[in-house]
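**Student:** Predicted model and sequence below, questions to follow.
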Amino acid sequence: MSEHNIKINKEKLDKIAEDVLKPVGFNNAYINWMLFLTVALMACIYAYVIQYREGLIVTGMRDMVSWGMYIANFVFFVATALVGMLISGVIGLLGYTWIKPITRIAEMIAVAFAAVAGLVIVSDMGRPERLHHVFLYGRVQSPILWDVTVVTTYLVISTLLYMLPLIPDLAIARGRMKNAPQWMLKLYKILSFNWTHHPKQYQLLFKATRLLIILVIPTAFAIHTVTSWLLAVNSRSGWDSTIFGPYFLTGAFVTGMGAVIIAVFFFRNNYKLRSYLDEPLFDKMGKLLEFVCVVYFYFNLNEFVVPAYKMKEFDAIHIHELFLGKHALMFWFCQICGLIVPMIVLLWKPFRKPVPLFVISLFVLVGAWFKRYIIVIPTMEHPFLPVQNLPNEWVVYQPTVIESAVTIGSIIMGIMIISVLAKLFPVIPIWEMAEEDEETKSKII
Amino acid sequence: MNSDQLKKNEPAKSTGKNSRRDFMRKLGLIGAAATTGAVASGFTSQRTPEEEYVKVMTSDNKLVEIPKSQVKEVKLDTEALQSRGRLGIAGKRWVMVIDLAKCRNARECIKGCQEHHHLHPYQYHINTLVMQDNPQSAPYNMPKPCMHCDNPPCVSVCPVDATFKRQDGIVLIDNERCIGCRFCMAACPYSVRVFNWEEPFQAQLYEAQPMEYDVEANIPQKKGTITKCLFSADCLRGGDLPTCVRSCPNEVFYFGDENENAVTNGTTRETVVLSELLEKNAGYRLMEELGTKPRVYYLPPKDRVFEAPEKPDHHS
Ligand code: SF4
Ligand code: SF4
């Protein structure tokens, strides 16, 4: 593997570098976009300030449903972040090269979502100012400790996986972006670590990347398995499941694919990168989405059919609520529009074209968010012992405006991180694309 | 004693070389088993006939004698209360027995408890539920405190050791430590945990007269932290029965020490043999199948002394 000598085609490089570097840099449209996001984020932060001052009473959570939208959103963020591992790790290690143009986009999503996931969890804490207690008094028995550890590790590995392959690109960009502002060139200079395109350097880079993509797989498995255990270690019906780990993991692949397809579609159109993010690529992504949907469907079957067959007392209440009760609409939306229909239509090639695939991915992603909601909240509404002597509004969960605003704020933050990264650095790995036909990824391996 | 000393929890420095005062302070503060040894050797030798002696109980339940002139009430600070509170009372294994045949839903236990622990009217450390085991059986009232499980899921999941199990069987909360993640609420199968979603009920009182945090009573309550039934650990330390047990007018609660195999009825103050009480009345524990090993036993609601309550409202 390390015998690989990089051969870069000069002409190809010039062309790619020009195309990919053109959208880099801050134009007016971008500044307006960021201003808009900032203003929206300010409003959401204000909502959080209110929550911090008044306490969690401003949310819809109460003693019965003591985990709500925040935890659902946290699970969603962790799930989405996993796409970095799926693309670079699993598919990359298997030797597929079609992922080359989207690896960086996938890592961008991974970094942004993993980073914000931490904040989402803090927004759910009753005493956020005591966060350091987790490090001072942490107990290894608690799955929260495991979660903190793996989320941090995953964030670090993903950031490295994003930054390392960027080094040669920044060296390339530095020489070509004559009009870029000084600070940007300076940043490129720092982050490209005196890269001279020496073959030795490339070999080192290959080695490091290879190590990271091997490491990222167990870390990503751990992060989502542990996140599922936050729920599965409790004996409540709906969470008390032995397949929660793989169920969450496969669900995360679906969510992540949805997110990455949306992002790729966006960059293809707005960054005018049609010749790199082309139709065959969408076809491949469509097939991958199909595959992960099928796997996820299989786990859903297990998760719901088995308890529905037995109908044990508390499982029956839970299943009834989901299938026919007050969560039925959301449940069937997630299952049908977010999973089954995509799974079926993606079998046909026309649906794997960019626009249809983009629309399908939107459904998948929205469905995925609501699926997390369905996993967290209904279970809390049906404890083992009856709920009595509490005001009615304390029993039924209804997210409040403030809670929704804080949640939207976290999504805005994720989008902002991606927006900044996408304008600051090239979104497609230039040097990997410019490489002489040889298959970089398989060579790395 | 000025306020500074009060804060630091030190008695006024005596002019003489009186080390006993110092000693008393340690006694109150730490109450560790080791110090009692010092009492025996250090004090008996100095016993003079004129001085009057009193017996006092150290915080680890050792009876000691000291000169009356040396008795001084020591105000414990939060830290001392916390370290004492985490240890528990040596040699005890507290248990509660609830006789469902006698509960008329008087709700006196709830009232007493809410007052004792400064709870909002919607917060229950103990809550009386109307239960119906199956459609044929008649409903009955069931007071539900914390079960103080011997295998407590709430303790296992707490990331910061804010909720913990003591040697005397009680599961407590340290609201100076709690980060408000509410994992323990999700984990407790009996739904007994209560969160301070907003400022505590007595927030104004706390502001007017700041008080040391007593982990055994969990007061002052704090916004953004957990609270729950504590078996009135502070009362137990004072040799009293828990508040709910004492408040019940209907002889529902028995409370005592499993090691002594004796429980006392809070209303009649009659002490009975625990094992006999459970054996004769087929005592049981809630959700035995979950393996939580509760420390609260129920006596089945047979031969009830009350009329069946209305069918329960399950909020579903
Ligand atoms: S009843 Fe709930 S809160 Fe009490 S010890 Fe058991 S699990 Fe913990
Ligand atoms: S809410 Fe407090 S007591 Fe409960 S698990 Fe979290 S830190 Fe521990």
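**Tutor:** The structure has been received and is ready for your questions. Ligands and ions are numbered 1, 2, ... in the order given.
**Student:** In three-state terms, how would residue B:254 be classified?
**Tutor:** Here residue B:254 is strand, with the state taken from DSSP: H, G, I helix; E, B strand; the rest coil.
**Student:** Correct me if wrong: it contacts residue B:268.
**Tutor:** No. Between residue B:254 and residue B:268 no contact is recorded; they are 9.7 Å apart, counting by CB atoms under 8 Å. C-betas here are computed from N, CA, C, even on glycine.
**Student:** How about residue A:103, nearest residue that isn't a chain neighbour?
**Tutor:** Among residues not flanking residue A:103 along the chain, residue A:88 sits closest, at 5.2 Å (CB to CB, 6 or more residues apart in numbering or on different chains).
**Student:** Quick check: that neighbour touching residue A:107?
**Tutor:** Yes. Using CB under 8 Å, residue A:88 is in contact with residue A:107, at 6.6 Å.
**Student:** Show me the common contact partners of those two, please.
**Tutor:** With contacts taken as CB atoms under 8 Å, 6 or more residues apart in numbering or on different chains, residue A:88 and residue A:107 have residue A:161 as neighbours in common.
**Student:** sorry, back to before: surely the residue nearest to residue A:103 is within a helix?
**Tutor:** Yes. With the criterion set as three-state DSSP, the secondary structure at residue A:88 is a helix.
**Student:** okay, now it: neighbour count?
**Tutor:** For residue A:88, the tally of surrounding residues (other CB atoms under 10 Å in any protein chain shown) stands at 28.
**Student:** ok, it to residue B:281 distance?
**Tutor:** Relative to residue B:281, residue A:88 is positioned 65 Å away (criterion: CB to CB, to the nearest Å).
**Student:** how about the residues of the stretch 51-200 of chain A near chain B?
**Tutor:** A:54-57, A:61-64, A:66-67, A:124-128, A:130-131, A:133-134, A:136-139, A:141-145, A:148 (CB under 8 Å from any CB of the partner chain).
**Student:** Pull the contacting residues for the residue of chain B found nearest chain A.
**Tutor:** With CB to the nearest CB as the measure, residue B:180 is the residue of chain B nearest to chain A, at 2.0 Å. Residue B:180 makes contact with A:56, A:125-128, A:130, B:195, B:224-226 under the criterion CB under 8 Å, 6+ apart.
**Student:** For the stretch 201-316 of chain B, what lies in contact range of ligand 1?
**Tutor:** Taking CB under 6 Å from any ligand atom, the part of the stretch 201-316 of chain B that reaches ligand 1 is made up of B:228, B:292.
**Student:** So which residues of the stretch 201-316 of chain B form strands?
**Tutor:** In order along the chain, the stretch 201-316 of chain B carries the following strands (DSSP state E, counting those that start in this stretch): B:226-227, B:253-257, B:262-265, B:271-273, B:296-299.
**Student:** ok so, going back, going by secondary structure, the residue of chain B closest to chain A is in what exactly?
**Tutor:** Per DSSP states H and E: residue B:180 is located in neither a helix nor a strand.
**Student:** any idea whether the nearest residue to residue B:158 once chain neighbours are set aside is helix, strand or coil?
**Tutor:** Counting by CB to CB, 6+ apart, residue B:158 lies nearest to residue B:184, which is 5.5 Å off, once chain neighbours are set aside. When the structure is reduced to helix, strand and coil (three-state DSSP), residue B:184 reads as helix.
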